[in-house]
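Peer 1: Turn this into a model:
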Amino acid sequence: MAGNVDSKLLVPPQPQPEFNEPWRKFDWNQRDVLKKKLEEFTLSNEDVKYIKILVAGEIGAGKSSFINSVNNVFQERITSRALVSSTAGQSKSFTTKLKPSRIKSGDKFLPYVFTDIMGLEPKVLAGSQPEDIINAVFGHVKDGYKFDESEPIAQGKEHYISDPNLSDQAFCLVYVVAADTISFTDEKLIDKLKIIRHRISDRDIPQVIVMTKIDEACPLVKNDLRKVYHSKKIKEKMQTCSDLIGVPMCNIFPVKNYHDEIDTNPDVDVLILKALDQIVYLAHDRLDSSSGW
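Peer 2: Predicted coordinates for the structure are as follows:
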């Protein structure tokens, strides 16, 4: 009789949080190989001392923390070359100036530099302006420029470069996006990102998304970082990034930034190194095409 049916049998099975097999092939033992490859990387154009990579993203997404995390990998210790705010839920950008951060391995500076910019905000006259980011990518903005939320830089201003050379230009734009909040991102902020993407795409500037805070977005990954490519939630978050911003999945890399650790970790390192490997070589390809090679 119906009344004797065990109620537990009527409860639908809960969906599994992970795939049986990783949906993206990833070698967790390639840390040292990638590190050596990036340490030995050289530029094909002798007139350019280093490749400039611009880092953009919403306030609190982890832009400066990602730059520090890259440096941590090569220094094999926790560093703080790019200053990071310790305020939880910060509402204003901690970065207010266009500031380059060189990456160092041992005593040697590597031939690429990350340029951190003021965080993006949804409001029209708040945070870094799309025109400032576009001008910075194209090399029109000098290092040290202090962002003005109410008025983007324009020709004739003190920090404006009218005729930029290759060393002034950025050859890759990295969007840093927090996995735990991407689904709630304000549409006005997405519109700003789309403006930037369309403008720089006209000049074939490669774009990569570094998706941070994957451990905060997925309990499975928080417990075991090596589950990142087994996680259905992380793949869903990456697809959301791709759909909203327009960057293909092959150029989206989930990472965990160093935050409260006091020692480095090979699993954290290898995810960061894989993202950096793609960023550096995409940027170098763009430099080659700009050099006419």
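
Peer 1: in the chain, which ranges drop under the pLDDT threshold?
Peer 2: 1-14, 81-95, 121-128, 291-293 (pLDDT under 70).

Peer 1: Determine the longest helix present in it.
Peer 2: Counting residues, the longest helix found in the chain (DSSP state H) is helix 266-290.

Peer 1: List the buried residues of it.
Peer 2: For helix 266-290, the neighbour count (16 or more other Cβ atoms under 10 Å) marks 268-284, 286-287, 290 as buried. Backbone N, C-alpha and C define where each C-beta goes, glycine included.

Peer 1: which other helices and strands contact that helix?
Peer 2: helix 31-39, strand 51-57, helix 63-75, strand 170-178, strand 207-212, strand 252-254 (3 or more Cβ pairs under 8 Å, 6 or more residues apart in numbering; DSSP states H and E).

Peer 1: Residue 199 is nearest to which of these?
Peer 2: Nearest to residue 199 among these is strand 170-178 (10.4 Å), distances taken as Cβ to Cβ.

Peer 1: So residue 50 sits against residue 43, correct?
Peer 2: Yes - counting by Cβ atoms under 8 Å, residue 50 touches residue 43, with 7.4 Å between them.

Peer 1: Roughly how far does the nearest residue to residue 286 once chain neighbours are set aside sit from residue 225?
Peer 2: Using Cβ to Cβ, 6 or more residues apart in numbering and skipping residues adjacent in sequence, the residue nearest residue 286 is residue 171, 4.3 Å away. Distance of residue 171 to residue 225, given as Cβ to Cβ, to the nearest Å: 30 Å.

Peer 1: between those two, who's got more neighbours?
Peer 2: More neighbours surround residue 171 than the other of residue 171 and residue 225, with 26 against 19 (other Cβ atoms under 10 Å).

Peer 1: Next one: residue 153 from residue 107, what distance?
Peer 2: 35 Å.

Peer 1: More neighbours: which of these two?
Peer 2: Remark: of residue 153 and residue 107, residue 153 carries more neighbours, 23 against 5, as counted by other Cβ under 10 Å.

Peer 1: Spit out the contact partners of that one.
Peer 2: Residue 153 makes contact with 131, 132, 135, 140, 141, 145, 159, 160 under the criterion Cβ atoms under 8 Å, 6 or more residues apart in numbering.

Peer 1: repeat that for 6 Å
Peer 2: 132, 135, 141, 160 (Cβ atoms under 6 Å, 6 or more residues apart in numbering).

Peer 1: ditto for residue 146
Peer 2: Counting by Cβ under 6 Å, 6+ apart, residue 146 touches 96, 97.

Peer 1: Please enumerate the helices of the chain.
Peer 2: With DSSP H as the criterion, the chain has helices spanning 31-39, 63-75, 130-137, 187-201, 214-217, 219-223, 232-245, 266-290.

Peer 1: Can you give me the buried ones in the shortest one?
Peer 2: What that stands for is helix 214-217. In helix 214-217, counting by 16+ other Cβ under 10 Å, buried: 214, 215, 217.

Peer 1: Now tell me what touches that helix from outside.
Peer 2: 179, 180, 221, 222, 228, 234, 237, 254, 256.

Peer 1: The residue nearest to residue 154 when sequence neighbours are not counted bridge partners, please.
Peer 2: If the residues on either side of it in the chain are set aside, residue 154 comes closest to residue 160, at 6.6 Å by Cβ to Cβ, 6+ apart. In this entry, residue 160 is beta-bridged to residue 141, by DSSP bridges.

Peer 1: so how far is stretch 272-283 from its chain's centroid?
Peer 2: 10 Å (Cα atoms, centre = their mean, to the nearest Å).

Peer 1: Alpha carbons of that stretch, as CSV, please.
Peer 2: Only the C-alpha atoms of stretch 272-283 are listed here, as CSV (Å, rounded to 0.1, in the frame of the first residue of the first chain):
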residue,chain,number,x,y,z
ILE,A,272,49.3,29.9,-11.4
LEU,A,273,52.1,28.8,-13.6
LYS,A,274,49.8,27.3,-16.3
ALA,A,275,47.8,30.6,-16.4
LEU,A,276,51.0,32.6,-16.6
ASP,A,277,52.4,30.4,-19.4
GLN,A,278,49.4,31.1,-21.6
ILE,A,279,49.4,34.8,-20.8
VAL,A,280,53.1,35.2,-21.6
TYR,A,281,53.1,33.3,-24.8
LEU,A,282,49.9,35.0,-26.1
ALA,A,283,51.4,38.3,-25.3
